[in-house]
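A.B. asks: This is a predicted model, with the sequence first.
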Protein chains: 4
Amino acid sequence: MHEGKGPGRAGMMDEEGTLMMGKMIIAVEGIEECRVFAALVPEVRTNLVYAREHARTREDVLAVDGRITVVGGRPRAAGWVKFGASSHMARLILELMKADPSLRAGIDFAWTPVLSRWLEQYCRERGWTYSVIDRRGEPEEIREAEGASMPWKVAEAVRAAGGKAPKIFYETGAIGKEPVTVLVGRDPIEVADQACEIARKYHGAG
Amino acid sequence: MHEGKGPGRAGMMDEEGTLMMGKMIIAVEGIEECRVFAALVPEVRTNLVYAREHARTREDVLAVDGRITVVGGRPRAAGWVKFGASSHMARLILELMKADPSLRAGIDFAWTPVLSRWLEQYCRERGWTYSVIDRRGEPEEIREAEGASMPWKVAEAVRAAGGKAPKIFYETGAIGKEPVTVLVGRDPIEVADQACEIARKYHGAG
Amino acid sequence: MHEGKGPGRAGMMDEEGTLMMGKMIIAVEGIEECRVFAALVPEVRTNLVYAREHARTREDVLAVDGRITVVGGRPRAAGWVKFGASSHMARLILELMKADPSLRAGIDFAWTPVLSRWLEQYCRERGWTYSVIDRRGEPEEIREAEGASMPWKVAEAVRAAGGKAPKIFYETGAIGKEPVTVLVGRDPIEVADQACEIARKYHGAG
Amino acid sequence: MHEGKGPGRAGMMDEEGTLMMGKMIIAVEGIEECRVFAALVPEVRTNLVYAREHARTREDVLAVDGRITVVGGRPRAAGWVKFGASSHMARLILELMKADPSLRAGIDFAWTPVLSRWLEQYCRERGWTYSVIDRRGEPEEIREAEGASMPWKVAEAVRAAGGKAPKIFYETGAIGKEPVTVLVGRDPIEVADQACEIARKYHGAG
């Protein structure tokens, strides 16, 4: 079969990848049905990522092609789920897995000062760690070196969480960068479920 | 969490369902990338189904919500993959599984007399059984009884194949019914792969 | 600019075509929001067509690329609106315009005996003509000549309506052909509006 | 017909709105077919807006619902074109129309220092004004007053262009804000055409 054409490649998908794909689809359908989550989709749109057990590159990370946007007031995945479809969120989860290899899934959503105060309380009630990446502390040589920011940022989130990977964290705004909240977990269904519940509780619908 | 809203139900998905979902997505993406398959999408559009191991009702069968249509000259799934999203193809695969429980996946595509002659030869070369449901033989009392046609049709396809479930079959046109070809197999990736290869070979692109 | 690439062709669109495009989009969005219409989408899916004032070929007729299917229980256009995107419905409206050039738009939806009796009454109340194409009367030489059926069918619908173009008509089922109801009018917004109202009234929601 | 349901509202669309809708669809299809434009879609996604002649609020401005994202490496509109579907770009074009009422359409795309230098030269060759909004000059009382930034920003772009509305402009990055380039014009087809040509020339494909 011709390279890159038809389901030939698909036939080579291993069982781990297939099972991951199934979980992602279930998770994405869940987000699409969670209408109130639309209010938490940031300007840069939401992505949901899921990394293989021993993931090393972004090609080992599933994500939504085109991200999740808002159409007709509802969350809508723009395309299918694919390995390699995310850059930023994929690199973030890969880096975080170095601190805790069980954290293979993540979702990002909007951040505002009001939501942040609410989330701090919400996390406290659940015993979840809520952390922050304060980019004002980022050394200039790191900021300017291509690809150096992500390791620093994740290390900072872990450090601010007292040495362990946090459940939820955000980074303070930077020049040209929208601040977003990130929630991580073991699998994308759990992560989508938790993000949807946050949207419901925060908007008083739950 | 409210019933039927958000990813709550998703959290209850079992491992068999999740793995099936993954295979379906891989299969559907494969069909979407198989451009030439667009020429084989029938008026009623294509569906791809995949039944659970001990499937009994259409709720046990995965299918593409809204079927696979043609947009911009390419096959395009109209919606996501869902359990219960198909009626006709789901009932067909459920019935066929009574003859051979390993045949859990199926896809339908166009039928023309020219394609049919070509497929007969194609199946012969592969040692595949190519069968037909000749609806002129359908007893009137069956045709008129609600839900009685499918068991008769599948029994007829098996009978015409010499007593075993065929790999490919079609039914002759009937009043109000477009004739379609059906290809079945063990899993949707295999089935999508084989349907794509037929499209390529038939259109001389392979 | 390269042929067939980018908006170059678009820049050549005339004012009639642009205005038609606008009406079609408004009409399609209306159908998508008319949830109950999903119950009237036939197996072959619905299309909505709109012909130029002096249309001669299907390239003069706008239609929905990929037709209107049902996703998540709602009508959903599979693709954008394009000139030349329909074959069957385009040829039908072109033929009907020969009898009445003001009838430039049409939509097709499901047909059942029960809906048909209801529509007969519905049309009577509105002073609309409800007609039928009885394919049993089609001469064999026409049925077998490529492209000869459509002129015969439209002539038959006009004849059965007493010599004028009907507002709504259907054709009796034929071998391999699903029976569908067709509603026609001056522009696609009117036609979508009327089809949606039929769906609402028929399903008792209006 | 029920408020906000079905094509009822659509029936009330005036001729200006309908013609605008048609132009927008043609423009959006053009962007979708301009594959290389995918490389210029920013993190916040692209939108295309088109304001009524005497537009006053964002409800008078057409935009793509869900913006234009990238799926399978191609630009893809996430939803349909709707009045009121944009906030930021709508307010921008409304403000700019105060300086030049003929500038009713606009599109935003990525900004990088390298593209910016290239655009400066590109604009010079065409006699187009290329302007900048340097947010470092924004008075603090404006930055903090809700809704006050947009008038200041547009006034700044006009001032930096020597007192007239520029053809293309960008704003320097700010905390939490991705820098984007904005191209404006009389109608969305022209604007989509020009944005596509920039993508082609910049990526050396033209």
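C.D. replies: Sure thing, it's come through.

A.B. asks: which regions of chain A sit below the pLDDT cut-off?
C.D. replies: A:1-12, A:205-206 (pLDDT under 70).

A.B. asks: Can you tell me which residues in it are near chain D?
C.D. replies: With the criterion set to CB under 8 Å from any CB of the partner chain, chain A comes near chain D through A:43-45, A:65-67, A:69-72, A:76, A:78-79, A:173-179. (Glycine included, C-beta is placed from N, CA and C.)

A.B. asks: Show me where chain A has its helices.
C.D. replies: A:8-11, A:15-33, A:88-99, A:113-126, A:140-144, A:149-160, A:188-202 (DSSP state H).

A.B. asks: Spit out the contact partners of the residue nearest the centre of chain A.
C.D. replies: Nearest to the geometric centre of chain A sits A:Ile107, at 2.6 Å (CA atoms, centre = their mean). Shown in contact with A:Ile107 (CB atoms under 8 Å, 6 or more residues apart in numbering or on different chains): A:31, A:46-49, A:182-183, A:188, A:191-192, A:195.

A.B. asks: Go again with 7 Å.
C.D. replies: A:46, A:48, A:183, A:191-192, A:195 (CB atoms under 7 Å, 6 or more residues apart in numbering or on different chains).

A.B. asks: Let me know the distance separating it from D:Arg200.
C.D. replies: 35 Å (CB to CB, to the nearest Å).

A.B. asks: again, but for A:Ile68
C.D. replies: Here the criterion is CB to CB. By it, A:Ile68 lies 29 Å from D:Arg200.

A.B. asks: So between these two, which is more surrounded?
C.D. replies: A:Ile68 (27 against 19; other CB atoms under 10 Å in any protein chain shown).

A.B. asks: so how far is A:Val49 from the closest residue to A:Val158 other than its chain neighbours?
C.D. replies: With CB to CB, 6 or more residues apart in numbering or on different chains as the criterion, A:Val158 has its nearest non-adjacent residue at 5.1 Å, and that residue is A:Ala99. A:Ala99 is 16 Å from A:Val49, where distance means CB to CB.

A.B. asks: Please identify which of these two sits among more neighbours.
C.D. replies: Higher neighbour count among A:Ala99 and A:Val49: A:Val49, with 29 against 16, using other CB under 10 Å.

A.B. asks: That one contacts A:Arg91, doesn't it?
C.D. replies: No: contact criterion CB atoms under 7 Å: A:Val49 and A:Arg91 do not qualify, at 9.6 Å.

A.B. asks: Was I right to think the residue nearest to A:Val158 contacts A:Ala157?
C.D. replies: No: at 8.8 Å, A:Ala99 does not count as touching A:Ala157 under the criterion of CB under 7 Å.

A.B. asks: tell me, how many neighbours does A:Glu140 end up with?
C.D. replies: By other CB under 10 Å, the residues close to A:Glu140 number 7.

A.B. asks: brain fart, A:Leu48
C.D. replies: The number of residues packed near A:Leu48 is 26, by other CB under 10 Å.

A.B. asks: what residues are up against it?
C.D. replies: With CB under 7 Å, 6+ apart, A:Leu48 has these contacts: A:27-28, A:31, A:63-64, A:68, A:107, A:188, A:191-192.

A.B. asks: Equivalent analysis for A:Gly137, please.
C.D. replies: Here A:Gly137 is in contact with A:Glu156 (CB under 7 Å, 6+ apart).

A.B. asks: before we move on, what about A:Ala77?
C.D. replies: Going by CB under 7 Å, 6+ apart, A:Ala77 touches A:28, A:32, A:64, A:68.

A.B. asks: Over to A:Trp118?
C.D. replies: So A:Trp118 contacts A:Tyr202 (CB under 7 Å, 6+ apart).
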